[in-house]
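**Student:** just a sequence and a predicted model for now, questions to come.
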Amino acid sequence: MTLQNPPVNSLSLDFLTEFCSALEKLEMDKSCRGVILTSGQPKVFSAGLDIMEMYGKSPERCGEFWRAVQEMWLKLYSSNMVIIAAINGSSPAGGCLMSMTCDYRIMADNPRYSIGLNETQLGIVAPFWFKETMVNTVGHRTTEIALQLGQLYSPTEALDIGLVDKLVPEDQIIATATQTMTKWLAVPDHARQITKSMMRKPTIDKLMSKREPDIQNFVSFITKDPIQKSLGLYLSMLKKRKS
Ligand SMILES: CCCCC/C=C\C/C=C\CC/C=C/CC(=O)SCCNC(=O)CCNC(=O)[C@H](O)C(C)(C)COP(=O)(O)OP(=O)(O)OC[C@H]1O[C@@H](n2cnc3c(N)ncnc32)[C@H](O)[C@@H]1OP(=O)(O)O
């Protein structure tokens with residue numbers, strides 16, 4: 001699957017809805033056992049959640065957006081398929097979350113790229129299921145530091161902490177992902193799927209049992225004046241950086 005939402009593959013409500021529907025089709029297609037997730041945009045895997053969906057929007061719209069974010073996470077994290085992230089660009093925040101739901105992460109070895117959960121840098125807080133996905137990937141202590149600082153890691157640093165599994169030159173990323181897929185698909189599906197579910201079920205069940213309160217929490221947090229102000233400042237910083 002190639003992410004195509006120019007310019008930076010930000011995860012808007014429309015994009016998430018289309019993504020989930022495409023993933024569901026593949027999930028139901030018995031001939032499809034694995035997916036390589038990559039970006040069709042230069043330099044960026046995904047810029048994370050579309051900040052415009054969280055800024056100046058009505059509570060109803062924010063709730064609808066958050067349900068779509070939950071759905072994307074649930075579909076990816078609980079997929080029966082092998083999902084390999086070919087991270088061919090920067091992957092902050094929601095982009096990092098998306099990568100962490102995959103079974104294996106291969107990143108382009110380019111020091112200009114970065115990956116991590118940088119929410120605190122925007123004045124917002126990574127929800128418990130973002131946090132738990134990171135704990136399940138890199139461990140508790142590393143997550144504690146990463147989340148409080150809102151740390152973005154270079155590919156080499158990300159490899160060091162286990163946030164990604166392999167670095168390769170960018171032009172070899174799909175070939176490496178394909179070779180890796182062959183190795184993963186050599187394992188009998190049922191045994192691998194049960195094992196994957198055993199590892200991830202507690203985190204998935206936790207969100208499933210708290211979906212509505214999690215949406216309420218998000219809406220009440222994101223619509224607060226100081227949070228809106230932080231997001232506004234961050235957006236203008238992003239635009240200014242360009243000029
Ligand atoms: C106890 C209480 C607990 C309560 C908890 C409850 C709920 C939790 C609440 C909130 C959690 C919300 C979680 C959010 C997670 C997220 O994903 S937030 C998004 C974070 N993303 C970022 O910080 C990335 C920002 N972007 C960049 O750093 C760069 O754009 C890039 C990705 C590195 C690419 O750089 P590049 O130079 O190639 O591109 P530009 O910077 O020039 O960008 C082009 C264009 O795109 C716009 N843009 C970039 N990122 C986003 C984005 N995420 N959303 C929307 N728009 C984006 C940028 O502004 C440019 O626009 P233009 O100037 O109009 O062209």
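**Tutor:** Looks like it came in fine.
**Student:** so the residue positioned nearest the centre of the chain: helix, strand or coil?
**Tutor:** Centroid check for the chain by Cα atoms, centre = their mean gives Met98 as the closest residue, at 1.8 Å. Put simply, Met98 is helix when judged by DSSP: H, G, I helix; E, B strand; the rest coil.
**Student:** find the nearest non-adjacent residue to it, please.
**Tutor:** Leaving aside its chain neighbours, Met98 sits nearest to Ser46 (5.9 Å; criterion: Cβ to Cβ, 6 or more residues apart in numbering). The C-beta positions use only the backbone N, C-alpha and C, and glycine is treated the same way.
**Student:** state the helix or strand in which that neighbour lies.
**Tutor:** Using DSSP states H and E, Ser46 sits in no helix or strand.
**Student:** what's the local residue count around it?
**Tutor:** 27 (other Cβ atoms under 10 Å).
**Student:** show the contacting residues for it.
**Tutor:** Residues near Ser46 by Cβ atoms under 8 Å, 6 or more residues apart in numbering: 3, 8-11, 39, 91, 94-95, 98.
**Student:** change it to 7 Å
**Tutor:** 3, 9, 11, 39, 91, 94-95, 98 (Cβ atoms under 7 Å, 6 or more residues apart in numbering).
**Student:** export the helix or strand bottoming out on mean pLDDT in the chain to CSV, keeping only CA atoms.
**Tutor:** Every helix and strand of the chain was ranked by mean pLDDT, DSSP states H and E. The lowest is helix 225-242, at a mean of 92. Below are the C-alpha coordinates for helix 225-242, written out as CSV (Å, rounded to 0.1, in the frame of the first residue of the first chain):
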residue,chain,number,x,y,z
ASP,A,225,-8.7,27.1,24.6
PRO,A,226,-5.0,26.7,25.7
ILE,A,227,-4.7,23.5,23.6
GLN,A,228,-6.2,25.3,20.6
LYS,A,229,-3.7,28.1,21.2
SER,A,230,-0.8,25.7,21.3
LEU,A,231,-1.9,24.1,18.1
GLY,A,232,-2.3,27.5,16.4
LEU,A,233,1.2,28.5,17.4
TYR,A,234,2.6,25.2,16.2
LEU,A,235,0.8,25.5,12.8
SER,A,236,2.2,29.0,12.3
MET,A,237,5.7,27.8,13.2
LEU,A,238,5.3,25.1,10.5
LYS,A,239,4.3,27.7,7.9
LYS,A,240,7.0,30.2,9.0
ARG,A,241,9.8,27.6,8.8
LYS,A,242,9.2,27.5,5.1
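**Student:** in that helix, what's buried?
**Tutor:** Across helix 225-242, burial judged by 16 or more other Cβ atoms under 10 Å covers 227-228, 230-231, 234-235.
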